[in-house]
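> can't give you the sequence, but here's the structure:
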């Protein structure tokens, strides 16, 4: 009796509260066979900067957003137009999900799970995470290297064919790790690209390297000249976001990515 009462109350709670995270399509997205790029605040803001440049370069259309009670009460203003902080853009067979806000630690799992579920339901070919790999020697590196992680043999073969170095050993921590794990669990192909980047500063140079890698991987032709020309302007504008991102990275012990697990030989 008590168990039945609990189940009824729990169902009522779900109906009242709704899904913790949902993806809303303001325009019907035709995603079958498409690639989904994910760019969110992380090391060097590599994914955010790269995603923004890709959206602008391809003149992508905003087609939806991610909604959740777990994200901060924020509205982003672009060209005097209020927008959701986590947005989806579409251009033929390419979709971009990006945000300028730092995802709360308690929301990372539910958001990653919802992205994966949506990708699976829409028939998306591959989820591609764009992020940075903290490099202590970044100041001495003129052109950052990009490494790839593939969740399936097919994904790893694509990386090899595109000439992308494999991230052979180490740890991935944070949102991109959770997204990769959820994709593996759901059997949704995932590729995570990591560019050598500054841990503490916005790194447009690393974003440029990751875009050039995407060009090779997806047969795109996105120029990075304008991105590199505006590098200093981007660094200045992104300082506050980088500061907030740094606070979260410290809480997630992101430095662990630089350490090799002792069990690997």
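Now that the structure is in, tell me what you want to look at. Predicted, not measured: the structure shown is a model, and the values here were computed from it.
> CA only for contacts and neighbour counts going forward, please
OK.
> now the phi/psi pair for residue 101, please.
phi -110, psi 150 (degrees, to the nearest 10).
> residue 110 touches residue 20, doesn't it?
Yes: at 7.2 Å, residue 110 counts as touching residue 20 under the criterion of C-alpha atoms under 8 Å.
> and those two? Which one has more around it.
Counted by other C-alpha atoms under 10 Å, residue 110 and residue 20 do not tie: residue 110 has more neighbours, with 19 against 14.
> distance of the more buried one relative to residue 236?
Computed as C-alpha to C-alpha, to the nearest Å, the residue 110 to residue 236 distance reads 32 Å.
> ditto for residue 160
36 Å.
> and residue 91, how many residues sit next to it?
18.
> chain neighbours aside, what residue packs nearest to it?
By the measure of C-alpha to C-alpha, 6 or more residues apart in numbering, the closest residue to residue 91 outside its immediate chain neighbours is residue 60, 5.2 Å from it.
> neighbours of the one you found, how many?
Applying other C-alpha under 10 Å, we find 17 residues neighbouring residue 60.
> do you know the pLDDT at it?
Looking at residue 60, its pLDDT is 96.
> offset the numbering so it begins at 41, please.
Yes, from this point I'll number from 41; that puts the last item at residue 100.
> residue contacts, it?
Counting by C-alpha atoms under 8 Å, 6 or more residues apart in numbering, residue 100 touches 129-131.
> what does residue 238 give?
With C-alpha under 8 Å, 6+ apart, residue 238 has these contacts: 83-84, 174-176, 178-179.
> ok, these vs residue 281, which is closest?
residue 84 (10.2 Å; C-alpha to C-alpha).
> with adjacent residues omitted, what lies nearest to that closest one?
residue 242 (4.4 Å).
> now the one you found: which helix or strand?
Assigned by DSSP states H and E, residue 242 belongs to neither a helix nor a strand.
> how is the nearest residue in space to residue 103 that is not next to it in sequence classified with respect to secondary structure?
Setting aside the residues directly before and after it, residue 103 is nearest to residue 67 in space (C-alpha to C-alpha, 6+ apart), at 4.8 Å. Here residue 67 is coil, with the state taken from DSSP: H, G, I helix; E, B strand; the rest coil.
> residue 67: how many residues sit nearby?
12.
> how close does the residue nearest to residue 131 sit to residue 109?
27 Å.
> likewise for residue 92?
Applying C-alpha to C-alpha to residue 92 and residue 109 gives a distance of 25 Å.
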